[in-house]
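Asks: pasting the structure only:
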């Protein structure tokens, strides 16, 4: 259909106008306000505020825990997507529906229940703490919470790709004498890699900004288990606007860069699918 | 992105495919590993919420929920969702209409901008509204002079919630509207229907399931938002505490069972959301399968 024919439909001006006005008022002005306001901070002050030892520790924890969580999710997400699309077993549909649970569960509830589960009297902590595995008030807990919130991303990006994979190719590999592992490594894995990278980036990006599920289990110990979004919140509680904005601007820039990376990855991954 | 209602699931061949299947022990151990991971990260956290909520019995549970501050929090949560969801729904329909039905320059940019709020940390989102409306903010004095409270009051909570739930309806509707094309709308217009009539009688029935899906996701996030709301609420008990903030306060105050009682309401909301979502996906799958069989019957050619 030519674009000329499409213009016959009414409401283009109205819907585009309303969309732009609403987007401008509720998203672009708030983002612009924060950016403009934080640019008023002099560069030397900004540098000073953003590189205090406490801020550096928070950024280091945020990025490393997010990275490890995204890595765990890549491995386990691939496995889950694989068994959900390839095998039939009792409870498969149930498991498939439950994968989205971390999206649906409010983060505060996730944080609360994870902190309790891994606490010294919790269902898992009861066994893990005597073994010296302390998740509560430790970087491990931060990683576990971030693993929880990022879990659906890899599964949901891989699932449609696995479903549309042509089984003939695998049979051809088998006929040509490849073992199952070789087929997976040489035939399937290269096809899964682009969407896996997208899933990893989505999970990582989500983890960077995550707040609710982490603050319960981490205990927010100064310089040890404080994540960057928590430090923003803390600065604001102290009415230290400049401190909060300097950290926020860095988080914002990182998120936007990641968004660009994800968009590029999605386009790249799209080329591998027909 | 996760969970799109229009996800097409090609039916894989049921017959066993020799050479493209793993030995039973590999299959078994992969399923076991995946199941264990899901049990630890999905089933246990959920079960734990309800277990802890009722750990001190029904009486404590009811007491915790009937506490005036909890009631106020429930009411505020419902009010915020009741304002946020319709606003973002109207926006979502409008955005999907112009993006899916028309070609124009900058469309890709617009789509990216709509997704922007998803990549912003909730705390940073809250800070944005504090910067605009707070006492040290751009417009703080103006609102202060007119005695209008935005930050540390309901309007601020609503604004922050609108921001974090902004893309939900739009991003569910865009693919659904695109898939629908615009032939039916053009037919209706040719037959003399007005623009609004076409929208309400032709477009809306076609997108209703996708719309419903976007709305329930938007609602779940609106009721459960914690980070952004925590920045702008001011935590005034009984007045500006939403349900997630109430949970936080109870937990910090060593009232574990009461915190879990309130949390169980939100966990229930999550379960209902998932149930509706599964139902909608099942519907879409069934409709897809129906479409497939219709096609093959009318063609009278066996599917290869």
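Replies: Received it, and whenever you're ready, just let me know what you need. All of these numbers come straight from a predicted model, not from anything done at the bench.
Asks: residue boundaries of the helices in the stretch 101-250 of chain A?
Replies: Secondary structure of the stretch 101-250 of chain A (DSSP state H, counting those that start in this stretch): helices at A:101-104, A:107-117, A:125-128, A:139-164, A:167-175, A:180-183, A:189-209, A:212-218, A:228-237, A:241-270.
Asks: Can you add distance to chain B and give these back as a markdown table?
Replies: (Each C-beta comes from the backbone N, C-alpha and C, glycine too.) Converted to a markdown table, those look like this (distance: least, Cβ to the nearest Cβ, whole Å):
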| stretch | distance to chain B |
| --- | --- |
| helix A:101-104 | 4 |
| helix A:107-117 | 4 |
| helix A:125-128 | 11 |
| helix A:139-164 | 4 |
| helix A:167-175 | 3 |
| helix A:180-183 | 5 |
| helix A:189-209 | 3 |
| helix A:212-218 | 4 |
| helix A:228-237 | 4 |
| helix A:241-270 | 4 |
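Asks: Which one of the ones you listed lies nearest to residue B:241?
Replies: In terms of Cβ to Cβ, the element of the helices of the stretch 101-250 of chain A nearest to residue B:241 is helix A:107-117, at 11.7 Å.
Asks: Tell me how far that closest one lies from the chain's centre.
Replies: Chain-centre distance of helix A:107-117: 18 Å, with Cα atoms, centre = their mean, to the nearest Å.
Asks: In a markdown table: the helices of the stretch 101-250 of chain A, plus mean neighbour count, distance to residue B:150 and mean pLDDT.
Replies: Output for those, formatted as a markdown table (neighbours: other Cβ atoms under 10 Å in any protein chain shown; distance: least, Cβ to Cβ, whole Å; pLDDT from 0 to 100):
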| stretch | mean neighbour count | distance to residue B:150 | mean pLDDT |
| --- | --- | --- | --- |
| helix A:101-104 | 23 | 29 | 93 |
| helix A:107-117 | 28 | 23 | 95 |
| helix A:125-128 | 15 | 42 | 92 |
| helix A:139-164 | 24 | 29 | 94 |
| helix A:167-175 | 15 | 58 | 84 |
| helix A:180-183 | 15 | 60 | 85 |
| helix A:189-209 | 22 | 23 | 93 |
| helix A:212-218 | 29 | 23 | 94 |
| helix A:228-237 | 23 | 15 | 94 |
| helix A:241-270 | 19 | 16 | 91 |
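Asks: quick one: stretch B:285-293 near chain A?
Replies: No: Stretch B:285-293 stays clear of chain A (Cβ under 8 Å from any Cβ of the partner chain), getting no nearer than 10.9 Å.
Asks: Give me the distance between residue B:26 and chain A.
Replies: 8 Å (Cβ to the nearest Cβ, to the nearest Å).
Asks: Quickly find the element holding that residue.
Replies: helix B:24-38 (DSSP states H and E).
Asks: can you give me how far whichever helix or strand comes after that helix is from the chain middle?
Replies: Remark: after helix B:24-38, the chain's next helix or strand is helix B:44-53, criterion DSSP H and E. Centroid separation for helix B:44-53 versus its chain: 22 Å, with Cα atoms, centre = their mean.
Asks: low pLDDT regions in the stretch 201-304 of chain B?
Replies: Counting by pLDDT under 70, the stretch 201-304 of chain B contains low-confidence ranges at B:292-304.
Asks: count of residues packed around the residue of it found nearest chain A?
Replies: Using Cβ to the nearest Cβ, the closest approach of the stretch 201-304 of chain B to chain A is made by residue B:224 at 2.6 Å. When neighbours are counted by other Cβ atoms under 10 Å in any protein chain shown, residue B:224 registers 28.
Asks: Does it touch residue A:106 like I think?
Replies: Yes: between residue B:224 and residue A:106 there is a contact under Cβ atoms under 8 Å: 2.6 Å.
Asks: Find residues that contact each of these two.
Replies: B:244, B:266, B:269-270 (Cβ atoms under 8 Å, 6 or more residues apart in numbering or on different chains).
Asks: In helices, which of those residues appear?
Replies: When the shared contacts of residue B:224 and residue A:106 are checked against helices (DSSP state H), the matches are B:244, B:266, B:269-270.
Asks: Neighbour-wise, which one of these leads?
Replies: Neighbour max across these (other Cβ under 10 Å) = residue B:244, 28 neighbours.
Asks: who's in contact with that one?
Replies: Contact analysis of residue B:244 by Cβ under 8 Å, 6+ apart lists A:106-109, A:212, B:77, B:224-226, B:229-230, B:266.
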